[in-house]
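Visitor: Okay, sequence plus prediction incoming.
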Amino acid sequence: MTDWSGYLTLILQGALVTAQLTVMGCALALVAAFVAGLGRLAPFAPLRWLATVYIEFFRGTSIFVQLFWVYFVLPFAGITLSPLMAGVLALGLNVGAYGAEVVRGAILSVPKDQYEATIALNLTRLQRMRHVILPQAVPLMLPTFGNNAIELLKATAVVSLISLSDMTFQAQVVRAQTGNTLVPFLAILILYFAMASLISYAVRLLERRMTRGLDGVR
Amino acid sequence: MEWDWTFAAEITPVLLEGLKLTLLITLLSAIVAAVLGLVFAVARRAQSPWVARPVTFLVEFIRGTPLLVQLYFIFYVLPGAGILLPPLVAGVIGMGLHYATYTAEVYRAGIENVARGQWEAARATNLTTRQTWAHVILPQAVPPMIPALANYLIALFKETPLLSAITVLEMMNQAKLVANSSYRYIEPMTLVGVFFLAMSLVSVVLLRWLEHRFGRLAK
């Protein structure tokens, strides 16, 4: 009889690492998405090019390759990252590139008269973004951001391949030690699904909160 | 460590060999995803809740869990039930199934875009359910969705390196083998990245063409 409680703790420890990666990756992705998304709309051309190169590069190559590149190639350039840092960096920058397009699309879909009104009212660029454009654009971004967060959660499974002990890695450990394949893999599938459901629930709540008072506008 | 051009040239044929397999896997998985996605989309609209509910849950479940874990599941768990699959087949099934849940959503959007009158006309002319789908709804629903489907083809292509985890010798796995035997990571990893980027840029051009060709149908 196998002692499952010990193995369950192992998998739950992995779940903690997965959650950690997801939260930190999402934070980085959010920052990257706004910087690159606003960069693509900047009035200064080199800034636009820089943002475009970043977005196309990270959307054009696979997350797997990016992760391996960060983990195995950067040390030769003198930058040694812990597996966790490498994972957060690759995940955040990858998903951030997808998010940047969402930010750009949402900002462009705010009606043009809103921009004209801010000019008529003599608002500065910062005031225009902060008080007029973003409050209308962010609710449009939220549903897609929720999907992106789930994509990020799913992508964290890849970090098990650079020896970071996340949930998938721990399931492999349990498989190697017990010889049982069904239980560990089914357990983590259910845990991943629960986490994904949690994210989509949280995004729905956030969406309701953010659109409060916008009923007449949209 | 410096970039070594001769070493890079030396390993390129090996990587191109892997690239060929990568493209084959992409193509096969895309076919599975396109067909299975259509099945999912139609099944989710079935009259009987005994069909629609389980399919809906299955699609949501597959979409909410990582592809890598699903590949492990197919590759390691199914042999226990007596289903022994070669890595390549397991990979194609896993990727095809995963992306079918995405293409199902695309098909769903296409099906919902077909005007209500078309359904009513099919009913009025006394077509069976099968005939309605095959001759009226799908011919109008699918072509406008081709650019969106092609988008997922590109996404699928970028996920193929995951198959290296279940011992398929595609491009990434070839690169890892080269890197592990020569202790040089810069060239193989960077070249794989460059190949992926090149293929993606080419496919973006193809996608633009498809959008031009079929996109206006979506209006």
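Guide: That came through, no problem.

Visitor: Up against chain A, what does chain B have?
Guide: Residues of chain B found near chain A (Cβ under 8 Å from any Cβ of the partner chain) are B:1, B:61, B:64-70, B:72-73, B:76-77, B:80, B:158-162, B:164-165, B:172, B:176, B:179, B:185-186, B:189-190, B:192-193, B:196-197, B:200-201, B:204. No exception for glycine: its C-beta is placed from N, CA and C like everyone else's.

Visitor: ok, of those, which come out buried?
Guide: Among those, the ones that count as buried by 16 or more other Cβ atoms under 10 Å in any protein chain shown are B:61, B:64-70, B:72-73, B:76-77, B:158-162, B:164-165, B:172, B:176, B:179, B:185-186, B:189-190, B:192-193, B:196-197, B:200.

Visitor: Which ones among the residues you listed lie within helices?
Guide: Of these, the ones assigned to helices by DSSP state H are B:61, B:64, B:67-70, B:72, B:158-159, B:172, B:176, B:179, B:186, B:189-190, B:192-193, B:196-197, B:200.

Visitor: mind listing what residue A:145 touches?
Guide: For residue A:145, the contacting residues are A:30, A:33, A:99, A:102, A:203, by Cβ atoms under 8 Å, 6 or more residues apart in numbering or on different chains.

Visitor: What is the neighbour count of residue 24?
Guide: You didn't say which chain, so I picked chain A. 17 (other Cβ atoms under 10 Å in any protein chain shown).

Visitor: um, chain B though
Guide: 14.

Visitor: so what's it scoring on pLDDT?
Guide: Per-residue confidence at residue B:24 stands at 93 (pLDDT).

Visitor: which phi and psi does it have?
Guide: Main-chain torsions, residue B:24, degrees, to the nearest 10: phi -60, psi -50.

Visitor: What of residue A:179?
Guide: Per degrees, to the nearest 10, the backbone of residue A:179 is at phi 80, psi 0.

Visitor: Quickly find the element holding residue A:15.
Guide: helix A:4-39 (DSSP states H and E).

Visitor: That helix: how far from the chain's middle?
Guide: 9 Å (Cα atoms, centre = their mean, to the nearest Å).

Visitor: What's the first helix or strand after it?
Guide: helix A:45-60.

Visitor: Now that following helix: buried residues?
Guide: Under 16+ other Cβ under 10 Å, the buried positions of helix A:45-60 are A:51, A:54, A:55, A:58, A:59, A:60.

Visitor: what about the nearest residue to the last one once chain neighbours are set aside, distance to residue A:56?
Guide: The one in question is residue A:60. Of all residues not flanking residue A:60 in the chain, residue B:200 sits nearest, at 3.8 Å (Cβ to Cβ, 6 or more residues apart in numbering or on different chains). Look at residue B:200 and residue A:56: by Cβ to Cβ, to the nearest Å, they are 8 Å apart.

Visitor: ok, now residue A:29?
Guide: Counting by Cβ to Cβ, the gap from residue A:29 to residue A:56 is 17 Å.

Visitor: Just give the nearest non-adjacent residue to the most centrally placed residue in chain A, would you?
Guide: With distances taken as Cα atoms, centre = their mean, residue A:26 lies nearest the centre of chain A, 3.8 Å away. Nearest residue to residue A:26 in three dimensions, chain neighbours excluded: residue A:149, at 5.4 Å (Cβ to Cβ, 6+ apart).

Visitor: Can you tell me how far that neighbour is from chain B?
Guide: Counting by Cβ to the nearest Cβ, to the nearest Å, the separation of residue A:149 from chain B is 12 Å.

Visitor: so that residue makes contact with residue A:27?
Guide: No: the pair residue A:149 / residue A:27 is not scored as a contact, 10.7 Å apart, by Cβ atoms under 8 Å.

Visitor: And the strands in chain A?
Guide: Read by DSSP state E, chain A holds no strands at all.

Visitor: quick one, helices of it?
Guide: Ranges of helices in chain A, per DSSP H, are A:4-39, A:45-60, A:63-68, A:83-108, A:112-120, A:125-127, A:134-155, A:167-178, A:182-210.

Visitor: Of these, which stretch is the most buried?
Guide: Across the helices of chain A, averaging neighbours per residue (mean count of other Cβ atoms under 10 Å in any protein chain shown) puts helix A:63-68 on top, at a mean of 24.

Visitor: can that one be found next to chain B?
Guide: Yes: counting by Cβ under 8 Å from any Cβ, chain B is contacted by helix A:63-68 at A:63, A:64, A:65, A:66, A:68.

Visitor: Name the nearest residue to the third one, ignoring sequence neighbours.
Guide: When you say that, I think you mean residue A:65. The nearest residue in space to residue A:65 (Cβ to Cβ, 6+ apart) is residue B:193, at 4.9 Å.

Visitor: now the last one
Guide: Among residues not flanking residue A:68 along the chain, residue B:189 sits closest, at 5.5 Å (Cβ to Cβ, 6+ apart).

Visitor: Done for today, thanks.
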